[in-house]
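**Q** Below are the sequence and a predicted model; questions follow.
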Amino acid sequence: MRVIVVGGGVVGTMHAWQAVERGHEVVQIEREVEARGASLRNFGQIWVSGRAGGEELDTALRARELWERIGEQVPGLGFRAIGSLTPVRGAREYAVAEAATARPDAAARGYRLVTADEARAVNPALRGDFEAALWCERDAAVEPRTAQLHLREALRATGRYTFLPGREVREVVGAAAVRDDHGDVHRGDAVVLATGAWLSGLVRELVPDLPVRRVRLQMMQTEPLGEALTTSVADADSFRYYPAYKSAALDALNAEQAQAPIAAAHKMQLLMVQRLDGGLTIGDTHEYEHPFAFDTLEDPYDHLTEVVESFLGRPLPKIKHRWAGVYAQCTDTSRVVHRQQVRDGVWLVTGPGGRGMTCSPAIAETTANELGW
């Protein structure tokens, strides 16, 4: 079988991985010289802890297994089974964390409520003031800026993979066949359009009423911390954002303890993970209304800095990079991904939202199984 994958981000690359792993030939086409979208502009977190139960959690847990397996084959991914800690302060935040550990699927997530001293034993860099923390053992991390490069190197080594950068696919020209902007036609037995947040052009022509929206976020990265941050770190605002934490205790938190005004205005939470070079990737905000602003705002960065320093008990290292990114999210946010056959032999796979990095291996595996690869 010959599979054409359109899109060089993590979702597209994982579809290429699944096809090659099953013995097929793959041509992957990317409109940029390298993927430059949400697949690079993210935390690199394999984030199980906050996922909704049912299909979303099953997908995340399966993806976590696949990431670990692929990480053994491709060491350059920098896969690290580091887990996460969400420090809490006050009775309301503590109650939400405690309710999470009472979920029927808490053991599958690796949830455990730990004291501040126990949290510091796991992550000594957390020297700030907090009373307890929600530990999630199943969370992990990879290096988002280089993951696709290392995956492609491994795919090329099989002799059954070709990467064609700098080509934009413009039209479907037959069963499992597309034409790019160089005029070249690429024919296969299946075409997967994994175009991420690029929802205009060909995608709009194929699916005018696509139930997927674009979301913009701001993030930043620091110089090396100078010590190990041995887990990912979130703050209690993440309880408000992720569906796993829905409970009566969360209702009480929302009713009785408002977010900081800046956090509320920008729909913020703290997520933080350390890169292999020692720097910290920190975010994030959420913007849903189009057209998106073209500039980044300082107030959210100031808020994130304050929260991080309160957990670390020390000044944040110098900020090295600031950026904004855009990802595609199903308008029905309970859906893991939008997967649709749009023409004979052509499937569109998009809209995983902030789950793309986490869930991409399992999303691609499901596509491969459903298409009978």
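**A** Perfect, I can see it now. Numbers count the residues shown, from 1 in each chain.

**Q** make it CA atoms for all contacts and neighbour counts henceforth
**A** Noted.

**Q** which residues sit against stretch 92-102?
**A** Under the contact criterion CA atoms under 8 Å, 6 or more residues apart in numbering, stretch 92-102 has outside partners 88, 106, 111-113, 132-134, 236, 239, 244-245, 247, 249-250, 252-253, 257.

**Q** actually stretch 144-160, sorry about that
**A** Residues contacting stretch 144-160 (CA under 8 Å, 6+ apart): 8-10, 13, 17, 20, 24-26, 39-44, 74, 76-77, 161-163.

**Q** I'd say Ala132 and Arg89 touch.
**A** Yes. Using CA atoms under 8 Å, Ala132 is in contact with Arg89, at 7.1 Å.

**Q** Compare those two (neighbour count), which wins?
**A** Ala132 (23 against 14; other CA atoms under 10 Å).

**Q** for the more buried one, what are its contacts?
**A** Pro87, Val88, Arg89, Tyr94, Leu113, Val114, Thr115, Ala116, Ala119.

**Q** Highest neighbour count among those residues?
**A** Ranked by neighbours (other CA under 10 Å), those are led by Pro87, which has 27 neighbours.

**Q** Quick check: the gap between the spatially closest residue to Ala175 that is not a sequence neighbour and Val192.
**A** In space, Ala175 comes closest to Asp344 once its chain neighbours are excluded; the distance is 4.9 Å by CA to CA, 6 or more residues apart in numbering. Asp344 sits 11 Å away from Val192, going by CA to CA, to the nearest Å.

**Q** Just the residues contacting the lengthiest helix in the chain, thanks.
**A** Using DSSP state H to define each element, the chain has its longest helix at helix 55-73. Applying CA under 8 Å, 6+ apart, the external contacts of helix 55-73 come out as 46-48, 51, 77-79, 138-140, 334-336, 358-363.

**Q** of the residues you listed, buried ones?
**A** By neighbour count, with 16 or more other CA atoms under 10 Å, these hold 46-48, 51, 77-79, 138-140, 336, 358-363 as buried.

**Q** Inside helices: which ones of the residues you listed?
**A** Mapping these onto helices (DSSP H) picks out Thr358, Cys359, Ser360, Pro361, Ala362, Ile363.

**Q** Let me see the confidence value for Arg36.
**A** In this model, Arg36 is scored at 76, pLDDT.

**Q** Likewise for Arg41?
**A** pLDDT, read off for Arg41, is 83.

**Q** Look up phi and psi at the closest residue in space to it that isn't next to it in sequence.
**A** Of all residues not flanking Arg41 in the chain, Gly325 sits nearest, at 5.9 Å (CA to CA, 6+ apart). Dihedral angles of Gly325 (phi, psi; degrees, to the nearest 10) stand at phi -140, psi 160.

**Q** Specify the beta-bridge partners of Gly325.
**A** Leu217 (DSSP bridges).

**Q** and it, what is it in contact with?
**A** Gly325 neighbours (CA under 8 Å, 6+ apart): Gly37, Ala38, Arg41, Asn42, Arg216, Leu217, Gln218.

**Q** Below-threshold pLDDT in the protein: ranges please.
**A** In the predicted model, the chain carries no residue with pLDDT under 70.

**Q** can you map out the helices along it?
**A** 10-21, 55-73, 90-101, 106-109, 116-122, 144-156, 202-206, 237-241, 248-256, 261-265, 298-312, 356-371.

**Q** tell me the most buried of those?
**A** helix 10-21 (a mean of 25; mean count of other CA atoms under 10 Å).

**Q** send the alpha carbons of that one over as PDB?
**A** What follows is helix 10-21, C-alpha atoms only, in PDB (Å, rounded to 0.1, in the frame of the first residue of the first chain):
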ATOM      1  CA  VAL A  10       3.000  15.500  14.800                       C
ATOM      2  CA  VAL A  11      -0.500  14.200  13.800                       C
ATOM      3  CA  GLY A  12       0.700  13.800  10.200                       C
ATOM      4  CA  THR A  13       4.000  12.300  11.200                       C
ATOM      5  CA  MET A  14       2.400   9.800  13.400                       C
ATOM      6  CA  HIS A  15       0.100   8.700  10.600                       C
ATOM      7  CA  ALA A  16       3.300   8.200   8.500                       C
ATOM      8  CA  TRP A  17       4.800   6.200  11.400                       C
ATOM      9  CA  GLN A  18       1.800   3.900  11.600                       C
ATOM     10  CA  ALA A  19       1.800   3.300   7.900                       C
ATOM     11  CA  VAL A  20       5.500   2.600   7.700                       C
ATOM     12  CA  GLU A  21       5.400   0.400  10.800                       C
END
